[in-house]
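Asks: No letters, just coordinates:
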């Protein structure tokens, strides 16, 4: 809906409207207000460069630095869903910290429907409340249904129509006279889906869980990061639920729960809906339709939704009554945005909690080294600069199900027992045993497709992507070669393009090939495959998971989509294939990621009363990573990694940023990055008395994937012991890059706190 302009307000102090637009310029733009009623955070439509754009009002001014005769007028104002001050403050911080245009930061945080030039349509529902008590004598002794309704209204600040219907089917006619008399009132709010209460008895908390809940609840009135370090199956979700119950018991409160990936949302949503059914809940993720996403966003923004479960972008959702934030699987790299503004949702959540003065809970069985370091800073910091840990650590070392034990983990040495079609004899035997027992198994291989390489044995030709410096993955059933980096597809050649040999063979294993092997080995087994190719449909993953829970699947094959968060009571075997490639990676965080991934997937086994077993196929069973994994000793593994990082002064004890550039011609990239790095070094020399000596600018290099989608790539790494010094240098770097003569001939981006480069 649009506000009508008022001529009487044309000369008001808000005659100038400063607007943020989705353009790659780090500035706001001034427009004349022809008489609209405008508030901060309103969406407006303005002319810009010959077109009309949706913007967000960031300031109302009496005067502009630009002469008024040069200013254009605001065309339209939407008063549907204004962004609040807290949201704009958080987005301003992100734009500054990640050096990204403020306008693009703000517009990108909105649902797609709010970026379009039309009013937001809101589907409402009614909430009912007692405005004044209904006298007991006016409720007849025989009016049992009305008594139930009044009791319900007395016990809740507001009741939905679904709640009233559960108390009395004829609630409308019973309440009609009391609404006419003003005893009962109602108000519209954005609609949310009702939850079905569960009759199941909540589990008894063990001592560790109870202690964790008590500690977090005691800090609800202040900013405090909590690191909830709990082994897989230790009941972290139950701790979340108990803390949330304490928060939502107070009216006008909201909670945000974040998950790293969409596939974790259905199970978590189901758990929260059954246990906290009295509180309206919405989800925010990319599998929602645009109308659903807008509806859920509006319910959160209005305060109608008390619980919000979302993925990375939900960290920016306006929540007027936010009192608690929870990040599940906080270590997951999916929380880091890899295009546009390259923010890390965990770090943004911490800043949001600090600005709102509320606690934030970070949960994981394998915390990120950054979080582990922040919880143990007093242990790792040098004696001369010893500081207090900024996070408080809570530990869960017992599995929540009393009979459940951690699985036994074994490494199968593939040098002594070579795999046949991807599976060692020991793993085949273990699968056979589970089928005989009627138990379920999971085979984990983080490669989708049929095989990672198509190979010519005659001349050693390998199928490459036509647009990237990467191999094309064979998808045999679709008769296609696909690049998993750029999406390019090509038909499988009938003969080798290099020598003409017709005998082209797949090399290596991937999910489709393992599925084919299992179907031959176990023709009567019920096998399900979960990867990005099989769960493209909206409800596909939910259907597969439901089948597993119902006992309709014997062997599950999956990628990292199944590595965490899922609870299968009858799954007793996990087989891990093809992990060794990560041990060769030059990536600083490769071993950290591999350990977390293996620990998470191992945790899927033995979560019920039956013992679990994990078999890992590797050619390096004596590697320290596998030794720590077999002992399931994350603290020792994290300690060894942190000691290495401290010695090398790598994150988390230092801070990095990466200036990335790409063009069709690498000489342009090389020249651009070399001149920026030279300018940065000159700046460091000129300000040597103000900046730390350890602030380092490295030479330009090429990444492992040197060409992506026909673009040649390079980067420069900048490293500093302090964030402040690095930010000071980055401010200069962005200025140089923006004004560089070559910047129009290439693409560049600054990635602050980069995870990969």
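Replies: Arrived safely, thanks for sending. Bear in mind that the values here come from a model prediction, so they are computed numbers and not experimental data.
Asks: ok, residue 710 - how many residues close by?
Replies: Counted by other Cβ atoms under 10 Å, the residues lying close to residue 710 total 13. The C-beta positions use only the backbone N, C-alpha and C, and glycine is treated the same way.
Asks: Give me the buried stretch members for the lowest-mean-pLDDT helix or strand in the chain, please.
Replies: Least confident helix or strand of the chain, by mean pLDDT, DSSP states H and E, is helix 377-380 with a mean of 76. Buried residues in helix 377-380, counted by 16 or more other Cβ atoms under 10 Å: 377, 380.
Asks: Pull up the pairing partners for whichever helix or strand comes after it, direction included.
Replies: Counting by DSSP states H and E, the next helix or strand C-terminal to helix 377-380 is strand 392-396. Sheet pairing of strand 392-396 (DSSP bridges) gives strand 224-230 (parallel).
Asks: From the contact counts, what lies against the helix or strand that comes right after the strand it pairs with?
Replies: Following strand 224-230 in sequence order, the next helix or strand is helix 236-248 (DSSP H and E). Contacts defined by 3 or more Cβ pairs under 8 Å, 6 or more residues apart in numbering; DSSP states H and E place helix 236-248 against helix 207-217, strand 224-230, strand 254-258, helix 265-275, strand 322-328, strand 359-364.
Asks: so the fifth one versus strand 359-364, what angle?
Replies: Read that as strand 322-328. Counting by axes from the mean of the first three to the mean of the last three Cα atoms, to 10 degrees, strand 322-328 points 10 degrees away from the direction of strand 359-364.
Asks: now strand 322-328, how far from the centre of its chain.
Replies: Relative to its parent chain, strand 322-328 has a centroid offset of 13 Å by Cα atoms, centre = their mean, to the nearest Å.
Asks: Would you indicate which residues of the next helix-or-strand element following it are buried?
Replies: Going down the chain from strand 322-328, the next helix or strand is helix 345-356, by DSSP H and E. Burial within helix 345-356, assessed by neighbour count using 16+ other Cβ under 10 Å, is assigned to 345, 346, 347, 348, 349, 350, 351, 352, 353, 356.
Asks: With stretch 690-707 instead?
Replies: 691, 695, 696, 697, 700, 703, 706, 707.
Asks: So what touches it?
Replies: 467-470, 485, 586-587, 649, 654, 666, 669-670, 673-674, 677, 680-681, 684, 712-722, 725-726, 728-729, 757 (Cβ atoms under 8 Å, 6 or more residues apart in numbering).
Asks: Between the two ends of that stretch, what distance do you get?
Replies: When the termini of stretch 690-707 are compared using Cα to Cα, to the nearest Å, they are 38 Å apart.
Asks: With stretch 305-312 instead?
Replies: End-to-end for stretch 305-312, by Cα to Cα: 18 Å.
Asks: ditto for stretch 331-346
Replies: So stretch 331-346: terminal residues 9 Å apart, Cα to Cα.
Asks: any idea of the mean pLDDT for it?
Replies: Averaging pLDDT along stretch 331-346 gives 95.
Asks: Same check on stretch 572-587?
Replies: In this model, stretch 572-587 carries a mean pLDDT of 87.
Asks: And that stretch, what's buried?
Replies: Buried, per 16+ other Cβ under 10 Å, within stretch 572-587: 572, 573, 574, 575, 576, 577, 578, 579, 582.
Asks: Could you list which of those residues belong to strands?
Replies: Among the buried residues of stretch 572-587, the members falling in strands (DSSP state E) are 572, 573, 574, 575, 576.
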